[in-house]
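Asks: next one to model:
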Amino acid sequence: MAFGCDVLLMLRPEGGWVISGDDYDSIQWISCEPITKAEFEAGFTQYDAWKAEKEADAVAKRQAAEAKLAALGLEPDDLKALGL
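Replies: Numbers count the residues shown, from 1 in each chain. You can find the predicted model right below:
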């Protein structure tokens with residue numbers, strides 16, 4: 001389940017806001033374009049799918065990087081041994 005800050009990080013990742021609860025009225029817009037209350041409330045239902053997509057993207061990028069390392073004859077542990 002998402003919290004208000006999770007929804008705002010999804011909708012306004014650049015920041016510019018402060019939230020002290022999980023409801024729209026607890027948001028202070030400091031230096032970004034405010035979203036509507038409807039957008040904020042809809043964000044709670046959209047968050048889980050958004051988060052799953054971000055996690056899947058991260059896994060795909062990691063697998064692609066590991067495939068490139070393997071093509072060079074390297075293992076992820078080889079990079080760790082080099083401090084990378």
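
Asks: report the distance from the host helix or strand of Glu53 to the chain centre.
Replies: Using DSSP states H and E, Glu53 falls within helix 37-71. Per Cα atoms, centre = their mean, to the nearest Å, the displacement of helix 37-71 from the mean C-alpha position of its chain is 7 Å.

Asks: in the protein, what helix or strand scores lowest on average pLDDT?
Replies: Across the helices and strands of the chain, mean confidence by mean pLDDT, DSSP states H and E is lowest for helix 76-81: a mean of 78.

Asks: residues in contact with that one?
Replies: Helix 76-81 is contacted from outside by Glu66, Leu69, using Cβ atoms under 8 Å, 6 or more residues apart in numbering. Yep, even glycine has a C-beta here, placed from its N, CA and C like the rest.

Asks: one more: stretch 32-40?
Replies: Gly4, Val7, Leu8, Leu11, Arg12, Glu14, Gly15, Gly16, Trp17, Tyr24, Ile27, Gly43.

Asks: try it again at 7 Å.
Replies: Val7, Leu11, Arg12, Glu14, Gly15, Gly16, Trp17, Tyr24 (Cβ atoms under 7 Å, 6 or more residues apart in numbering).

Asks: show the pLDDT at the second one.
Replies: The predicted structure scores Leu11 at 97 on the pLDDT scale.

Asks: centroid-wise, who is the farthest residue in this protein?
Replies: In the chain, the residue that sits farthest from the middle, by Cα atoms, centre = their mean, is Gly73; the gap is 31.9 Å.

Asks: where in this structure is pLDDT low?
Replies: Residues of the chain meeting the criterion pLDDT under 70: 84.

Asks: now with 80?
Replies: 76, 78-84 (pLDDT under 80).

Asks: does Val18 count as helix, strand or coil?
Replies: State at Val18, reduced to three classes by DSSP: H, G, I helix; E, B strand; the rest coil: strand.

Asks: ok, it touching Ser26?
Replies: No - assessed by Cβ atoms under 7 Å, Val18 is found out of contact with Ser26, at 8.9 Å.
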